[in-house]
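K.L.:
Dropping a prediction and its sequence here:
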Amino acid sequence: MTIPNDTAAAGAPVRVRFAPSPTGNLHIGGARTAIYNWAFARRNGGSFILRIEDTDPERSTPENTAQIIRSLRWLGLEWDEGPEVGGAYGPYLQTERFGTYREALERLRQRDAVYPCFCTPETLAAKREAALAAKSYAGYDRNCRTIPADEAQARIDAGEPHTWRLKVPLERGDVVFDDLVFGTTTFPATQLDDFILVRTDGTPTYNYVVCVDDALMGITHVIRGDDHLSNTPKQILVYEALGAPLPQFAHLSMILGADGKRLSKRHGATSVEAYRDEGYFPEALLNYLALLGWSLDGETTLFGADVLTGNFSLSRISRNPAIFDEAKLAWVNASYLKEMGAAAFVDALLPYLKREGLTREGSAATPASPEEVAADVAANRPWYEALYPLIAERAKTLAEVLPMLAYLFAGDELVLDEKSVEKCLRVEGADEALARTQNALADERLPWETEAIEAALRSIPTELGIKPKLVFQAVRVAICGNMVSPPLFESLELIGRTRTLARVERALALLS
RNA sequence: GUCCCCAUCGUCUAGCGGUUAGGACACCGCCCUUUCAAGGCGGAGAUCACGGGUUCGAAUCCCGUUGGGGAUGCCA
């Protein structure tokens, strides 16, 4: 095995990695870490590598790996090496690298940097508790370090269960490193213990494999969550034992929930896919996450991926933990919705229409097939694009759009909101207003266009001597089923003359 | 217990020895208006966690305290 000796040298091409453990889906925090790594690589003309840390067979699943990959792609992140794309430093799944870890252990044995430990988990636990009770450091007491080599080998040959521990040089001293985000960080030598590299069952531990892989893959900058800050000194010791050059470290503070606690299921949606399903745009999530802990200039809040990859720098990363603010994410998303334009909007809406089986002429009671929906959208593109201005300034997410436009897809089965009926329909003058509306709209000479419709209805309040609000709110409830809806005249045009008149008729019948 | 890290409006942040402490979200008011939004204008909101220093001068530098987070696993 060859460990490159010059990768961390100044001027070497940047190589960074995102190394998720597939024990769950890609969550907000992981996504941000991936985004920063990716942006750093792109900004510096380096390589972004994806490595799956699936060494825990209990909790890792191929499904989780697949979902993490899907989420990263959805966000628009492309890796230069990793699953699905390959690369010269593979394989990129740790479970496929066990041979490499065994070789690395062999190398460490030759360098006298490890030793077998025969302590049982029980005795270890007992000692730890005793140390805690004595209010002192609870690390390993190096009990097996002094076992003579031949005796140790004999016990191994006899089949005695053992782990392999790192033989931390006694004269090592404090571990000091310069974190690119947190600055100089010092861990006292008294806190360093001979931790386990290889378990009884022969599988390697995280703090060990992460170093072997980062060294072998030539990683120059390790950018990761600050829950690993305390692991860094251990890993530095492994690099030293391996004789590998040290990468630079940059730790990212955690993302917290609204209560200031670490983000978890209790806080609702935490996975990238959940936000996708709720109708958030990948560009918006990327934008918001990039801003959660990093700033371009303190002023700019809306920017695209190109701005990020063109300006990202570790020095502008904030050290304090950030609370995830869903309201601001929603606002960012709304900004993208307002800017995306009708064509892109229809494309984005299509999956939602398919999911609900909605078509122009369909009805809520009889959902159309996805094929029928696609065909309807293709055949009536202008009609669908006309929806965009109605909701672009009203909805924050795609998921909010369909309920807002339900009246356009209700066919002849529009359900009237009871409260709206009481407030706007069952009132003095509403029946007269509807009758006049019916009259005006029934005239075949009236072009069925927003402007003409508006012109035809505008005069009604004056003629009746009542407030415009009374008339239009009555018509709104009759047509849209609710006192709150997108713009009225545009809606009438989209619904069509026949159906509009039918709805007015129905409302009138309700009142008589 | 031991060790490490953090601390500016409710939230995300700008600030890197001299500023009326800036911006964004959220909030409040007004305007616009047939609803809801969007938009425009304006407002409130931070004794820069607290206490000591250093300095002519500190949100910015140092020390301590408090609070929060992390590590201390044969998890990652």
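P.N.:
Nice, I can see it. Numbering: from 1, shown residues only, chains lettered A, B, ... in the order given.
K.L.:
Pull out the buried residues from the worst-scoring helix or strand of chain A on mean pLDDT.
P.N.:
Ranked by mean pLDDT, DSSP states H and E, the weakest helix or strand in chain A is helix A:121-133, scoring a mean of 87. Using 16 or more other Cβ atoms under 10 Å as the burial criterion, the residues of helix A:121-133 that qualify are A:124, A:127. Heads up, the C-betas are built off the backbone N, CA and C, glycines and all.
K.L.:
contacts for the helix or strand that contains residue A:65?
P.N.:
Applying DSSP states H and E as the criterion places residue A:65 in helix A:62-74. Under the criterion Cβ atoms under 8 Å, 6 or more residues apart in numbering, residues A:18, A:20, A:22-26, A:30-31, A:34, A:50, A:52, A:54, A:79, A:83-84, A:93, A:271-273, A:276, A:282 lie in contact with helix A:62-74.
K.L.:
if you average pLDDT over that helix, what comes out?
P.N.:
The average pLDDT for helix A:62-74 rounds to 96.
K.L.:
Quick one: buried ones out of the contacts of helix A:62-74?
P.N.:
Counted by 16+ other Cβ under 10 Å, the contacts of helix A:62-74 give A:18, A:20, A:22, A:24-26, A:30-31, A:34, A:50, A:52, A:54, A:79, A:83, A:93, A:271-273, A:276, A:282 as buried.
K.L.:
Show me which residues of the stretch 201-350 of chain A sit near RNA strand B.
P.N.:
A:201, A:203, A:205-207, A:226-231, A:253-254, A:256, A:260-262, A:291-293, A:295, A:297-299, A:301, A:315-316, A:318-323, A:325, A:327-328, A:331, A:334, A:338 (Cβ under 7 Å from any atom of the strand).
K.L.:
List the ones among the residues you listed that fall in helices.
P.N.:
Among these, the ones falling in helices (DSSP state H) are A:206-207, A:291, A:327-328, A:331, A:334, A:338.
K.L.:
circling back: of all the residues in the helix holding residue A:65, which ones are buried?
P.N.:
Buried-residue list, helix A:62-74, by 16+ other Cβ under 10 Å: A:64-65, A:67-69, A:71-72, A:74.
K.L.:
What pLDDT does the model give whatever residue of the stretch 201-350 of chain A ends up closest to RNA strand B?
P.N.:
Closest to RNA strand B within the stretch 201-350 of chain A is residue A:298: 2.7 Å, counting by Cβ to the nearest atom of the strand. Note on residue A:298: pLDDT of 88.
K.L.:
likewise the one 3 residues further on?
P.N.:
With respect to pLDDT, residue A:301 scores 94.
K.L.:
Measure how buried it is and give me the count.
P.N.:
14 (other Cβ atoms under 10 Å).
K.L.:
So it sits against residue A:290, correct?
P.N.:
No: look at residue A:301 against residue A:290 with Cβ atoms under 8 Å: they stay out of range, at 10.2 Å.
K.L.:
could the buried residues of helix A:62-74 go into JSON lines alongside distance to RNA strand B?
P.N.:
Output for the buried residues of helix A:62-74, formatted as JSON lines (distance: Cβ to the nearest atom of the strand, whole Å):
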{"residue": "A:64", "distance to RNA strand B": "12"}
{"residue": "A:65", "distance to RNA strand B": "12"}
{"residue": "A:67", "distance to RNA strand B": "16"}
{"residue": "A:68", "distance to RNA strand B": "12"}
{"residue": "A:69", "distance to RNA strand B": "16"}
{"residue": "A:71", "distance to RNA strand B": "16"}
{"residue": "A:72", "distance to RNA strand B": "16"}
{"residue": "A:74", "distance to RNA strand B": "22"}
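K.L.:
list the helices and strands the helix or strand encompassing residue A:105 packs on?
P.N.:
With elements taken from DSSP H and E, the one containing residue A:105 is helix A:98-110. The helices and strands touching helix A:98-110, judged by 3 or more Cβ pairs under 8 Å, 6 or more residues apart in numbering; DSSP states H and E, are strand A:163-166, strand A:196-198, helix A:206-216, helix A:232-242.
K.L.:
first vs last residue of stretch A:478-498, how far apart are they?
P.N.:
14 Å (Cα to Cα, to the nearest Å).
K.L.:
Thanks a lot, see you next time.
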